[in-house]
Every structure is written in structure tokens, then in C-alpha cells.
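Q: Turn this into a model:
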Amino acid sequence: MIEQEFEKRILSLLKSRRPKDFERACEMVYNEFSTRIYVFVSTFLKNKTDAQDVVQITWSKVFGHIDRFKNQSSLYTWIYRIAYNECINWIKSRDYGRFTEADLTDAYHATTTTDSLDFEKAGRWFDEAMDMLPPRQRAVFVMRYFDEMPYEKISRITGTSEGSLKASFHHAAAKIQKYLIEKLNEI
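A: Residues are numbered from 1 along each chain as shown. Below you'll find the model as predicted:
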């Protein structure tokens, strides 16, 4: 209910066509959703610099087209879909798999305990497994696993049927599990 009231307020400000109202609407939208969008993009891309670039592109598109928002889905879903598409486009436009942020675990080796190193190693393995997923499968996994988003909402964002999303999530989870088991067996 709160989300609907928020969207009504935003649409009302946009309909007024006054520059101050447009500014206020954009400010409210940014304040409401910026953190969640950044978390999604940075989790998806796993590179702070790339995530910042994609988030900036996303907000540029959102604010450039917000007056075209038709309220056919929730405002958050609409923005999330833009962010999702920008992540996919970013990956497609680069040989992204080979360029991820430097692994910082070497810096910690001298100051951490064996237990924390094992945790770091497991996290690194999980990241490696995620990197091996195809971009759209990774997106579904991130939305479902990290954001705990229902399949219905993911479907609206990606334009993919819920059945296909469930299959993608299952395949992604199985690939990650297989990779982690292989890594554990190497020890």
C-alpha cells in the first residue's frame, strides 16, 4: 500500500509538468531506490568501478524516460528492469569474464587466521562459480538468491516466464553447487 501511495505521488508530480515537481519526483525516486539498485548491480557485476558506471547509466535512463512511465508495473520493477538490461548490455559489450576487480585476499593473508582464510577461500570459490554462469542465468540467480525476489517480479523485470526462471535458477544453483563440491574435493 505504501508503495502504491509513493507511486501516485510521483505520477502526480510528473503530470504537473513543472520543473520543480519533476526535480522533486526524481529526487524522491532516487532516495527511495538508489541503494537497492546499486546493491543489485554491484552484486551482479562484482566490480565496483563497472557497477558505478552501470548505475550512473541506469539513473540517466530512468530520469531521461521517467515521464514515459506508464504504471503498468511498479516503479521499482520498471527501474530494476532498466538496471538489469544495462547489466546485460555491459557484459555483452565487454569480454567481462576476464576483467573483474582485483582479488584482495593476498593482502589479508599476513593478518588473518586460518579460519578466516577458509571463509575467504569459500567466498572466492562462490564468486568464481557465479562468474561461470551465463549473464541471464547469473541475473536470475542474483535476483532470487541475494535479493530474495519472487519469480513473479523477476518475470516482469526480465520478460521471461516464471517456469523458465525457475529452471534457470535451478540450473544456476546446480552449477554453483557442482563447482563448490569440485573445489572441496581438491583439498
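Q: so Ala139, which of the three states?
A: Here Ala139 is recorded as helix under DSSP: H, G, I helix; E, B strand; the rest coil.
Q: Report the contact partners of it.
A: Residues in contact with Ala139, defined by Cβ atoms under 8 Å, 6 or more residues apart in numbering, are 44, 84, 87-88, 158. Any C-beta I mention is one placed from the backbone N, CA and C, and that applies to glycine too.
Q: now the residues you listed as TSV including distance to Asp131 and secondary structure?
A: Below are the contacts of Ala139 laid out as TSV (distance: Cβ to Cβ, whole Å; DSSP: H, G, I helix; E, B strand; the rest coil):
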residue	distance to Asp131	secondary structure
Phe44	11	helix
Tyr84	18	helix
Cys87	14	helix
Ile88	15	helix
Thr158	20	helix
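Q: can you list the domains in the protein?
A: What automatic domain parsing lists as the domains of the chain is 1-101, 102-187.
Q: Redo those as TSV? Include mean pLDDT.
A: Below are the domains of the chain laid out as TSV (pLDDT from 0 to 100):
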stretch	mean pLDDT
domain 1-101	85
domain 102-187	79
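Q: gap between stretch 41-53 and the chain center?
A: Distance, stretch centre to chain centre, for stretch 41-53: 9 Å (Cα atoms, centre = their mean, to the nearest Å).
Q: And the contacts of it?
A: With Cβ under 8 Å, 6+ apart as the test, stretch 41-53 has contacts from 38, 54-55, 58, 83, 86-87, 90-91, 96, 99-101, 127, 130-131, 138-139, 142, 146.
Q: Any idea which residue is closest to the centre of this structure?
A: The centroid of the chain falls nearest to Phe40 when counting by Cα atoms, centre = their mean (2.5 Å).
Q: For that one, give its distance to Ile82.
A: 11 Å (Cβ to Cβ, to the nearest Å).
Q: Repeat that for Lys178.
A: Distance, Lys178 to Ile82, using Cβ to Cβ: 33 Å.
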